[in-house]
Each structure stands twice: as structure tokens, then as C-alpha cells.
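Enquirer: Predicted model and sequence below, questions to follow.
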Amino acid sequence: MIRNLVHVPGGTLLMGSEDFYVEESPVLPVEVQDVWVQPMLVTNAEFSDFVTSTGYVTTAEREDRQGSVVFVGTPGPVPLNDWRQWWAWQPGANWRHPQGPDSGVDDQASHPVVHVSLHDARAYATWAGLEIPQEPEWEWCARGGLESATYTWGEEPNKGDELFANTWQGDFPFDNRGAHGWKGTSPVGVFPPNGYDLFDMAGNVWEWTESAWQDQPGVHACCSGTNAEGDLKVIKGGSHLCSPQYCLRYRPAARSPQEASESTSHLGFRCLSRRAEHASERD
């Protein structure tokens, strides 16, 4: 089932930020047209429906790959200058087995699907009659009508009992106390929506866009588990691994590079339509 799409009226986006990371600047005005957006990330259950219907085999499951990149953490404090300390290639990891062959998603039907490459996300979108967002569209939707706000919900930090998104709670990358008990992905829709009634536009999992990554001085792939080489695309939104200590990227302006054929345990997607008829067709 594909949920009702949410209509987000277009307008002028002040895209980016000059207050955090160099790759987010300069702030530029961008015109965004009306879009109809999935209010929640694509879940394991929804992706399973697609696979059952089509027989699709994801990039991570193919014979020439047979694995994906998984967050493994560290046993204690480490210098935060090399993400390879807490990421590892895991043979047998894929959307069905997010931590490797011995793991599963039977109890995570409502969690966002992960270990999907951009090619996999595109295949699902085509099947659903939808598309993957461009970066300006995604950022405009994430802001929820709050022009230039730091977060999708305003200016308050995501901290303690006042959590607006599923992000890392504790000392990164070795001590995660969990966001309301969720260590890793959380079911879609658990945390409050933004002003457009869109859920998880910050945290939980990063989201694919179709926009090509443009290099900027000083850019690094802080937590995407990629060498940032090849057919680079922009991913947005941050994930459950984002921490102010290291990666304050659960903000609308934040961005990171990801190779289109790669997949990780903290990267998923949602789709949209640029055609008004989808507002009433989907249920």
C-alpha cells in the first residue's frame, strides 16, 4: 500500500546555511514547484510488497556484491577523524538482513527500509508511479514552512526528554542510550511531523535525492560510509547515528555525498510526485 501523498505548495527556498558546514553554503534562492510527497519513509513492509510483486533483486543482494556497509560502532572513545573505525563491509547484509545473515526484519515491518542503493530506490519509485526528490524539493519539504530555521521543527535542540527526531543520544560512536529507547532505526511516524505533516525529515535514516554532489572545499563524508568517489549523489536528513559531537546533520540544510550504487544500514528513501492527480489516486 502507498499512503496518501501530502501536497506541499511550492515557493522560494532559501537553500543552504552559512552557520554550520562549508558544503552547505552559500545560501541561494531556489524556486520549487508544488509536489506531492510520501509523508513517511518507505518501510520494510512496503518494499517487501514491491519485491514480491516484481521479483526485484537489490544491489546488495546481487551476485557481484552480496553485502553492504553496516555501522559497528567502537568499544570505547576514538578520535573522530576516520569513519572507517565504526563502519564495516558486512557480507550478506541487505534490506532483509540489515546487520548481516543472522539478522532479519520480521519485527521491523514499520521501520524504514535500508541497504537500498539509489538504483533500488528508483526501481521502487517507478513501480509506484513516483519519483525520487531533487535536493531543493527535499529541503523545501523538510523545512515544513519554517524559513531558514535550524531544524525541521524550529530552533530548539534535539535533547534529553525533548526529542523531535531519532538521533544518537550519548557519546559517539560507542555509547548510544537510544532515542526514546530506539537504538538504530525506529518505526516511521514515531517522532513528531514537521509543519507539512511529513515524518522523519530529520534523523532515523538518511534519504536519497537525485541531485548530483558538487564538491566544495573541506567536504568530507562524515558518516555516510562511503569513500565519496564515483557517481556521487546528495543524501539528506541525517540519521539515528547523527550526534552534535560529530555530525550535526539532522538539519534541512545539511547534506552528504553517497555513491549511487552503494548502500548502508542508515540510508533509505521516500518518493514524491510532481503531478497533481496523485493527490487523490493514492491510498
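Expert: Good, I have the coordinates.
Enquirer: Now do the same contact list for residue 176.
Expert: By CB atoms under 8 Å, 6 or more residues apart in numbering, residue 176 lies in contact with 73, 168, 169, 170, 183. In short, each C-beta sits where N, CA and C put it, glycine included.
Enquirer: from those, which would you call buried?
Expert: For the contacts of residue 176, a neighbour count by 16 or more other CB atoms under 10 Å gives the buried set as 73, 168, 169.
Enquirer: hmm, who's touching whichever strand in the chain runs longest?
Expert: Of all the segments assigned as strand in the chain under DSSP state E, the longest by residue count is strand 206-212. If you take CB under 8 Å, 6+ apart as the criterion, strand 206-212 is touched by 41, 116, 118, 121, 131-138, 224, 232-239, 256, 258, 264, 266-270.
Enquirer: Show me which positions of it end up buried.
Expert: For strand 206-212, by 16+ other CB under 10 Å, it's 206, 207, 208, 209, 210, 211.
Enquirer: What ranges does this structure have for its helices?
Expert: For the chain, the helices defined by DSSP state H cover 44-54, 118-128, 135-143, 278-281.
Enquirer: would you list those helices in TSV and tack on mean pLDDT and mean neighbour count?
Expert: Below are these laid out as TSV (pLDDT from 0 to 100; neighbours: other CB atoms under 10 Å):
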stretch	mean pLDDT	mean neighbour count
helix 44-54	98	17
helix 118-128	98	20
helix 135-143	98	25
helix 278-281	52	15
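Enquirer: Ok, which of those comes nearest residue 13?
Expert: Among the helices of the chain, the nearest to residue 13 by CB to CB is helix 135-143 (4.5 Å).
Enquirer: name the helices or strands packed onto the closest one?
Expert: Judged by 3 or more CB pairs under 8 Å, 6 or more residues apart in numbering; DSSP states H and E, helix 135-143 is in contact with strand 11-15, strand 28-32, strand 35-37, strand 206-212, strand 232-236.
Enquirer: Now tabulate these in a markdown table and tack on mean pLDDT and distance to residue 125.
Expert: Shown next, in a markdown table, are the helices and strands packed on helix 135-143 (pLDDT from 0 to 100; distance: least, CB to CB, whole Å):
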| stretch | mean pLDDT | distance to residue 125 |
| --- | --- | --- |
| strand 11-15 | 97 | 22 |
| strand 28-32 | 97 | 19 |
| strand 35-37 | 98 | 12 |
| strand 206-212 | 97 | 10 |
| strand 232-236 | 97 | 14 |
